[in-house]
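Undergrad: Here's a sequence, model it:
(chains A, B and C)
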Amino acid sequence: MDVANRTNTAAGGEPKILAFCCNWCTYTGADLAGLNRMKYPANVRVVRVPCSGRVNPQFILRAFARGADGVVVCGCHPGDCHYATGNFFTRRRFMLMRGLLEFNGIDPRRFHARWISGSEAAKFRDFVSEVCAIVKGLGHE
Amino acid sequence: MIRYAYFPGCASESTALSTTLANEFVFGRIGVDLIEIKDWNCCGATSAHVLSEALGLALPARALARAEADWPELDVVTGCASCYARLKLTNHRVRQDGGTRYMVEKILGRPYAAKREVLNFLDVLSRDDVKANIEEALMRTFRGKLRVACYYGCLNIRPCEVTGAKDRENPVAMDEIARLAGAVPVDWGYKTECCGAAHQNDAALEARPLAGRILHNAKECGADVLLTACPMCQMNLEMRQAEYIRKNRDKAVGRQTFPLLDVVLPPPAGKTIPVLSITELLAIAMGAGGERLRMDAHHVPVGRVIADALRDDAETEVFL
Amino acid sequence: MSRIGVFVCHCGTNLASVVDVEKVAAAARELPGVSYAAEYKYMCSEPGQQMILDAIAEHGLKRIVIASCSPRMHETTFRKMLKKSGVNEYLLEIANIREQVSWVHTDSGVATEKAVDLVRMAVAKVAKDEPLKASSIPITKRALVVGGGIAGIQAALDIADAGHEVWLLEREPSIGGRMVMLDKTFPTLDCSACISTPKMVDMSAHPNIKLLTSCEVAAVRGYIGNFTVTIRQKAKYVNQDICTGCGNCEEKCPVKVKSDFNKGLSDRPAIYRLFPQAVPAKPVIDRAHCLKLTKDRCGLCEKVCPLGCIDYADEDREYDETFGAVVLATGYGLCDWTAMYDEYGAGRFADVIDGLAFERLVNASGPTEGHIVRPSDGAEPKTVVLVKCVGSRDPKKGKPWCSRACCMYAAKHAHQILEKIPGARVFVFYIDVRTPGKNYEEFYDQTRKDGAVYVRGRVSRIYKEGGRLICQGEDSLLGKQVRVAADLVVLETAMEPAAGARETAALFGASADANGWLQEAHPKLRPVETQAGGVFLAGTCQGPKDIPDTVAQASGAAAKAIGLLNKDEMETSPMIVAVDEAKCSGCGACVDICPFGALSLEILTAREGRWERAERFVCKVNAGLCQGCGACTVACRTGAIDLRGFRNVQILEEIDALWT
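TA: Residues are numbered from 1 along each chain as shown, chains lettered A, B, ... in the order given. Next up, the predicted model:
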C-alpha cells in the first residue's frame, strides 16, 4: 500500500472521510443537498448501502486500517426504516462499535452515526461539515 | 385466635374516645387479639414528612421496627387512615429501595426489614373468618332501616401503588361489613374524596369546603349516617358540620362563578348528619349501649336515627 | 481481465463546469481492469446510450461504470439499456459525481479529485459484480379483502369493478361494520345507513365478488402473488342457499340476548340478523345462546321454518383458497372504558354511555326509534355532557394516540341533541378541538353557535347526586373546578385496533406498531402497503380515521391490488441475500433478525454413507419474502449469507479502492 497516500493530513493534505449512507433516507438526503446546491467540504466519500443495517462493523475497521481519517454511518430515523427494523440493529451495533474502536486504539471521535432523512439535506450538510471539523482537529494518527 | 401487632395512633387516646371504646368491644367479641406495640410513638402524620422526608420515614419505622423485633410473625394493624398511610408508605419504601432502608436503619440504630404487612381495620374486618365471627357476635340488627354512606377517606385507598387498593373510586369493603349489621349502604359519590382533615390549619381556605361536599353528597344520596374508618376523618366531618350548615343558611356556598354551568352546590342543609366509625356501628349491633360507647363524646349528636333503627331486646344494652 | 468500460457524463455543463471530465476519464483509463473510458455530453440521451452500446460491441466490454448523476436518477435507465447489449444489467455501477460532487463543491481541483475517487470505488465494485437474473412468479388473479366494513366494501368494489375476482371475508354474520351503526355522518349530516347500505347491496349483486360472512382467516401460506389462505367458515346452522330470510324463526325464538349491534340497548333472539338491512339478509344461530344447541330444548325455529333451512348439526369448516393480493380492512373497536375509568363509574351508571351507544339511541332504526332518552328511566335528558378524549391522548391509560374522528363526532352529537331536544343544554369537555377536514371547522363553529358550551378541560370524575350525574372537571381556561349536573353523559371513547387484528395481520406477514395499529410500509410514501409484499391496508386498521379518509385509503389499497393483479407474472428483485450452504453453521442468528420472515432453518443431509447419515441445519432464503436489506449479513458469524449486489467483498473493495 502506498504510504504517502495514507498520510493525507500529516502531510498537510485533506482528511478523507468514508460515509455509509442508506439508499432510502440519507443517500436521498445527500442527493437533495446537491439538488439545492448546498456546499460542504469535499472530504467525504459516500458508499451506498441498501440499509444502515447492512453496514458490517468490519467495513469500518477496514476503512480505519486502510487509513480513513473518519467514518460515518447514516440511516433513516428510528421507526422510519424502509425495512422496518434495520436501523435498530444499526443503533445497537454502533453503540458497541465505539468501545471496539477505543480498544483498537482509534479515537472514537473519528466515528459517528446519525439519522438523516431524505428531506434533511441541510442536516446532511451540517453533519458532514461538523465531522470534517472534528476530524481535522484530531489530525492524522 | 387471630393476632395482630397494633399501632393505636395518637387520636385513639384523645379525640377518638368513643371509637377506641368500640374497637376494644368489637375486637374482643370477634376473637381478634390486638397486641399494642410497646413504646409506640406518633407516626408523624400531616407534619413530619412535610418538614423532612427522613423524619417522615423514621418515625413510623421506629414503631414498625419495634413490632418486627418483638413479634416477627405478626402483621401490623392500625385504625387510623393517616397512621395507615404513613406506616404503609414507610414499609413500602423500605422494601422497594435499599437506600431508604439503609438510611432508616442508620437513624433508628436497629434493623428493620419490612417483612410484614401493614393493614387497616377494613382489611382485618373483611377477612372471611373475621366476617363469620362478626355475624356470630351480632346481637341485634339495624333491620335495613339505617341508610349509611360508607366514607373510606383518601388515605385508606391512595396512593394505590402503595396501598394496593383495587378500586380507588368505588371500594366496597366497608359497605359489605355494614351490610352484615343490617345497615343499608347507599351508592354515593364521595367514598374516597379527601375530607381535608390534614389541612384545616395550614390551608383552611381550600380545605374547609371539602368536608361540606362530602356531607352534601351523603345527604343527597339518602344517607342517615356517615360511616368512617378513621378517627381523623370522623372528627373533621363532625366538627365542620356546624360551620357548613351556617354557611349554607347564609348564602348558597356553591353558587359557582361560571353561571352557564347548570350546577351545583348545595341547597341549604338543615340538619346535621351523625358520623360513626365502622367499629362503633358494629359495637352497637353487638349489643353495646350508648353509655358504654360514650356516644355523648360525639360532636354531632348521634340522635334517635340509630335508636329508631334498632329493636332492643332483653340481652342488649339500651342504646338511647 | 475484467474489461470494464467507464463512461463519464458532462450533464451539459452541470458536471463539466466544475469537474474536469477529461481528467476523470483519463484517470479511469489507468485503473486496473478498465479497458475503455470515454466522456460525452449527455450519457442518458439516445445518442449517449448508443455510444455506450457501440463501445461495448467494439471493445468487448463486460462491465460498465457510468459517472454521472445519482443512481436514484438513471440507474434503471442504464439497466434497461444494457438489456439491449450482451452485458448483464446488474454488471453496472454508477459513480454519483453530480449530486455528490459538482453540485456541492466549487473548487475544480478538489472536485475532480473526489470524482476520480468515486469512479475508482465504482470500478472496484463493478469488478466484483455478479450477473444477476430477475426471476418471475405467476400471479393468482384473485384478491382477498379481510373485513367487511366500509373500507373493505370500498376496496372490494373497486377491485371487482376493475375486472378482478374478489373474495370478501367478514367475521360477523353481516357486512357493514361500524358505519352502519352510525346515525348521521359529519359534516354533511347525511344518513349513514342511506349511503352505506346501497354499497352493501352492490356488493352482494356484483358478479366478481364472493361474500364470506361468519368467516375467519385460520392460516396463511405463501406470499405475494400466491397466498394460500385457510378460511374457517363458522357454523351458521341455517342453510343459506335455501333460506329466503322470511324472518319467521326470528319472531318465534324465545331467547333474549342483549344486542351488541344496539350496544346493549335492546334485545335480539338467538337466531338473528345483525340488523334489519343485513347483507346477506339471512339469519344465523348464535350458538352460545341457542337453547337447542346449549340444552337440547326448544327447536322452535326448525318447526316454523317453511323451507327446512335449520340445521343444528352444522359445523365449522376449513378450506384453502389461493389469492394474489390481500387487502386488510380489519377496522377498529372502541376501548372498553368501563375497565379503564373507575372515576367515571366504571359502568355503574346506566346513563353514562359511549358514543356508539348514542349513535344507536339517536338512530331512527335504533331501539328508541331515534328518541334521545336516558337508558335508566327513558326520560328525555335536558342537560347532556359530552366528554372527549376518553381513552384517547392518555398515555396513563395506555392510549397515547388521538382518535381523530371524535372531535367532529362530538360536535355532531351536540348538534343532534340541540336539534332534537328543545331547550336542551350541551356541555362538551375537551382538551383541544381538532377539525382538519373539508367543512369540518365550519360545522364545529355552527355547533357552538347553536348553543353547545365547550369547556376546556378533562372530566376528573362523574358521580351521582340527587338523581343526576355530576361531572366534575377543571375548566382550564378559567383555572377553576366546575361541576355540571347532567342527565346523560356521552363518553367519546378512543378507537383501538379491532380485536385480533394484529394476529390476523401477522398471518400474512404484516406487522402492527406498538399500539396495535397495522404498520404501513412507509408513513408518507407507502401508506397503503405493508412490509409484506402484496398485502395492503385499508381504513382504520392502519390508524384512527374518519369515513372520507377511510374510503380514500380503501380505494388507494384497491389500486395497488389492481396494479398487482393486472400482471400475469411479477418480477422479483434479484438483489436479495443468498446463503453459501457450505459455510452456514445453522446457528439461526440471521433468522431472528429478518423483519420479513424470509429466512428459516432447514435440515440438510450433508453426508450419506453406508453407516452414517449426517444432518445439519442450514439457512434457507425465501426469495419471495426477502426485500434485500442485508441486516442478516452482519449477524452471520461465518459470512455464509451475503447480499447480492452489495456483497461484503464488493463493499470492502470499494473501501480499499479509496486508499490504493
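
Undergrad: Spell out the secondary structure type for B:Gly290.
TA: Put simply, B:Gly290 is coil when judged by DSSP: H, G, I helix; E, B strand; the rest coil.

Undergrad: so how far is chain A from it?
TA: To chain A, B:Gly290 is 70 Å away according to CB to the nearest CB, to the nearest Å. Every C-beta, even on glycine, is put in place using the N, C-alpha and C of the backbone.

Undergrad: For the stretch 501-650 of chain C, give the residue positioned nearest to chain B.
TA: C:Ala514 (23.4 Å; CB to the nearest CB).

Undergrad: got it, and the stretch 301-450 of chain C?
TA: C:Asp342 (3.7 Å).

Undergrad: neighbours around that residue, how many?
TA: 19 (other CB atoms under 10 Å in any protein chain shown).

Undergrad: The stretch 101-250 of chain B: strands as residue ranges?
TA: All strands of the stretch 101-250 of chain B, identified by DSSP state E, counting those that start in this stretch, fall at B:118-120, B:147-151, B:184-185, B:225-228.

Undergrad: make that chain A, sorry
TA: A:17-22, A:44-49, A:70-75, A:111-115 (DSSP state E).

Undergrad: most tightly surrounded among the ones you listed?
TA: strand A:70-75 (a mean of 28; mean count of other CB atoms under 10 Å in any protein chain shown).

Undergrad: returning to what we had before: where does the residue of the stretch 501-650 of chain C closest to chain B land in three-state SS?
TA: coil.

Undergrad: And B:Gly44, by the same measure?
TA: coil.

Undergrad: From chain A, how far out is it?
TA: To chain A, B:Gly44 is 46 Å away according to CB to the nearest CB.

Undergrad: coming back round to it: nearest to chain A among the strands of the stretch 101-250 of chain B would be which one?
TA: Proximity to chain A, assessed across the strands of the stretch 101-250 of chain B by CB to the nearest CB, is greatest for strand B:118-120 (43.5 Å).

Undergrad: Show me what that closest one is packed up against.
TA: On a contact count with 3 or more CB pairs under 8 Å, 6 or more residues apart in numbering or on different chains; DSSP states H and E, strand B:118-120 meets strand B:76-78, helix B:81-96.

Undergrad: Which residue comes closest to the residue in chain C that chain B sits nearest to once chain neighbours are left out?
TA: Among the residues of chain C, C:Tyr463 lies closest to chain B, at 2.4 Å counting by CB to the nearest CB. Closest residue in space to C:Tyr463, ignoring its immediate chain neighbours: B:Gly189 at 2.4 Å, by CB to CB, 6 or more residues apart in numbering or on different chains.

Undergrad: just B:Lys191 next, same as before
TA: B:Tyr152 is the one closest to B:Lys191 (CB to CB, 6+ apart), at 5.2 Å.

Undergrad: Please tell me how far that neighbour sits from chain C.
TA: B:Tyr152 sits 13 Å away from chain C, going by CB to the nearest CB.

Undergrad: Contact partners for that residue?
TA: With contacts taken as CB atoms under 8 Å, 6 or more residues apart in numbering or on different chains, B:Tyr152 has the following neighbours: B:Leu122, B:Pro171, B:Ala173, B:Met174, B:Lys191, B:Thr192, B:Ala229.

Undergrad: Against B:Asp167, how distant is it?
TA: According to CB to CB, to the nearest Å, B:Tyr152 and B:Asp167 sit 10 Å apart.

Undergrad: Likewise for C:Val384?
TA: 27 Å.

Undergrad: And those two? Which one has more around it.
TA: C:Val384 (27 against 14).

Undergrad: Is it correct that the more buried one is in contact with C:Leu418?
TA: No: using CB atoms under 8 Å, C:Val384 makes no contact with C:Leu418, being 9.2 Å away.

Undergrad: How about residues contacting stretch C:84-95?
TA: Counting by CB under 8 Å, 6+ apart, C:52-53, C:56-57, C:61-68, C:70-71, C:74-75, C:78-80, C:82-83, C:115, C:118-119, C:121-123, C:125-126, C:129-133, C:574-575, C:645 sit against stretch C:84-95.
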